[in-house]
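Asks: Following is a predicted model, sequence given first.
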Amino acid sequence: MAVDTDIPMVGYQSFLNTDALDAGTYTTRVAKVRNITGPDIDVDDIDVTSMDSSSGFREFLPGLADGGEVGLDLILEEDELALLFSYVRTMREWKVTFSSGATWTFNGYLKGLTQSINHDGAIEGTATIKVDEQPIFTKSS
């Protein structure tokens with residue numbers, strides 16, 4: 001019987017770091033992250049259907065790709081909120097590190113920041129990072 005050596009990645013112990021553009025050190029960790037989504041890469045479709053297309057179906061070529069966005073669900077503290085607010089509209093380097101050691105690295109800017117204040121719970125928030133150019137995925141070694 002063959003043994004399955006592909007082990008699913010687990011989100012626990014994954015984290016997000018950031019640094020100034022072109023620093024390459026990712027020294028600042030974004031604390032209290034509950035969930036990370038993305039990058040949600042999308043490719044434009046270029047319609048090349050013509051009058052003499054033989055199949056009767058539209059024909060497409062891949063167009064430009066968009067690195068999409070990375071979404072964060074957070075538990076906020078004052079220092080964390082102030083830090084994130086200082087990143088709004090500022091191009092930075094970002095690095096998502098999975099518990100396995102695999103990473104997504106990309107440049108981007110914080111384009112959205114919200115918080116939800118409840119009478120009986122932690123102050124939670126969301127942040128949205130717009131990915132600039134191509135995100136890079138690196139497998140763990």
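Replies: On my side now, so go ahead. Keep in mind the model is a prediction, meaning the values are calculated, not measured. Residues are numbered from 1 along each chain as shown.

Asks: who's the most centrally placed residue in the chain bridged to?
Replies: Geometric centre of the chain, nearest residue: residue 70, 2.8 Å, by Cα atoms, centre = their mean. Counting by DSSP bridges, residue 70 is bridged to residue 129.

Asks: Where do the helices of the protein begin and end?
Replies: Taking DSSP state H as the criterion, the chain carries its helices at 78-86.

Asks: show me where pLDDT drops low in it?
Replies: Within the chain, the stretches with pLDDT under 70 are 1-7.

Asks: Tell me how far the most far-flung residue of it relative to its centre lies from residue 59.
Replies: Distance from the C-alpha centroid of the chain peaks at residue 52, with 41.7 Å (Cα atoms, centre = their mean). Applying Cβ to Cβ, to the nearest Å, the value for residue 52 to residue 59 is 11 Å. Where C-beta positions appear, they are placed from N, C-alpha and C, glycine not excepted.

Asks: Please apply the same query to residue 85.
Replies: 47 Å.

Asks: can you check residue 92 too?
Replies: 40 Å.

Asks: So if I had to pick from those two, which one is more boxed in?
Replies: Per other Cβ atoms under 10 Å, whichever of residue 92 and residue 59 has more neighbours is residue 92, with 20 against 12.
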